[in-house]
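Asks: fold the following, please.
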Amino acid sequence: MLCFIEETREYFVGKLRSGDTMGGEEIGKMIRSFKKYLPGCVKKVILRGDGEFISWESVSAAIEEGYQFIFGNKGCNPPFDPTKWYKARGNGDVEYNECVYQPIGWKQACRFVAMRIPEDKRGEGKAVQRKLFEDGNYIYRIFVTNVAKKAHRVIEEYEKRADCENLIGEAKREGLAAIVSKKFAGNYAYFQLVMLSCNIWRSFKMLAWQSRL
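Replies: As a prediction, this is how the structure comes out:
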């Protein structure tokens, strides 16, 4: 599990874990740990996470900690009003919508935003999430958020997360994908060393860039 800082592209916090899927309690606990790592100068935090992040535990942790968030939808089926789809300037055939919905097991309703892409356009542009409800004409991307912007602006904000995949790939190439020990504790220590070295290298690059200005 890896979290990065958008502005500096540095590794922020994470953990080595066993298994492929993350539970809501695990993600919520990590979100609650962020404040002890944040410098005092930080005034605003926005969390962007993929579908693994969507659960009441993670959403409630973000709300209680005072963070803004945009999490990809993995399994909810919000009831969007079919009369309220709209197009944003310059986005062609893509349409947007929003609703307030309380998934089963959640303690309060939350705002969901969506974009829908015509089925015949699915191969164009950026990759999209899996189809989330039956509609043979469209592919949908749906997010839960507390960001107070128009639906298309929220999704534009979320798209910045795409760079995180590049950083994850970079960390793996730097050595994170290696299994150096048969003991979990040894691999965990190695994980932290790899991410520390990534941050040191990132700092050198930032200093070198500043020296050119």
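Asks: list the beta-bridge partners for the one residue sitting closest to the centre of the chain.
Replies: Geometric centre of the chain, nearest residue: Gly49, 1.7 Å, by CA atoms, centre = their mean. Beta-bridge pairing of Gly49 under DSSP bridges involves Phe71.
Asks: ok, now which ones touch it?
Replies: 27, 58, 69-72, 161 (CB atoms under 8 Å, 6 or more residues apart in numbering). C-beta: built from backbone N, CA, C; applies to glycine.
Asks: and the longest helix seen in the chain, what other elements does it pack with?
Replies: Across the chain, the helix with the greatest residue count (assigned by DSSP state H) is helix 184-212. The contact analysis (3 or more CB pairs under 8 Å, 6 or more residues apart in numbering; DSSP states H and E) places helix 184-212 against strand 11-14, helix 162-171.
Asks: how about residues contacting the helix or strand that the first one is followed by?
Replies: Pointing back at strand 11-14 there. Toward the C-terminal end, the helix or strand that comes next after strand 11-14 (DSSP states H and E) is helix 24-33. Defining contact as CB under 8 Å, 6+ apart, one finds that helix 24-33 is touched by 1, 3, 13, 15, 17, 47, 49, 52-53, 55-58, 60-62, 64-65, 67.
Asks: tell me the buried residues in helix 24-33?
Replies: Across helix 24-33, burial judged by 16 or more other CB atoms under 10 Å covers 24, 26-28, 30-32.
Asks: how about stretch 171-180?
Replies: Buried residues in stretch 171-180, counted by 16+ other CB under 10 Å: 171, 176.
Asks: hmm, back to that, quick one: mean pLDDT over the longest helix of the chain.
Replies: The pLDDT scores in helix 184-212 average 81.
Asks: go on, stretch 88-105?
Replies: Averaging pLDDT along stretch 88-105 yields 90.
Asks: quick one: terminal-to-terminal distance for it?
Replies: Terminal residues of stretch 88-105 lie 33 Å apart, using CA to CA, to the nearest Å.
Asks: rewinding a little: now, the contacts of helix 24-33 that are in helices?
Replies: Judged by DSSP H, helices contain the following of the contacts of helix 24-33: 56-58, 60-62, 64-65.
Asks: adding pLDDT, distance to Gly175 and neighbour count, write these out as CSV.
Replies: What follows is the ones in helices among the contacts of helix 24-33, written out as CSV (pLDDT from 0 to 100; distance: CB to CB, whole Å; neighbours: other CB atoms under 10 Å):
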residue, pLDDT, distance to Gly175, neighbour count
Trp56, 94, 36, 17
Glu57, 94, 32, 19
Ser58, 93, 29, 27
Ser60, 95, 35, 18
Ala61, 95, 31, 23
Ala62, 95, 31, 27
Glu64, 95, 36, 11
Glu65, 95, 32, 16
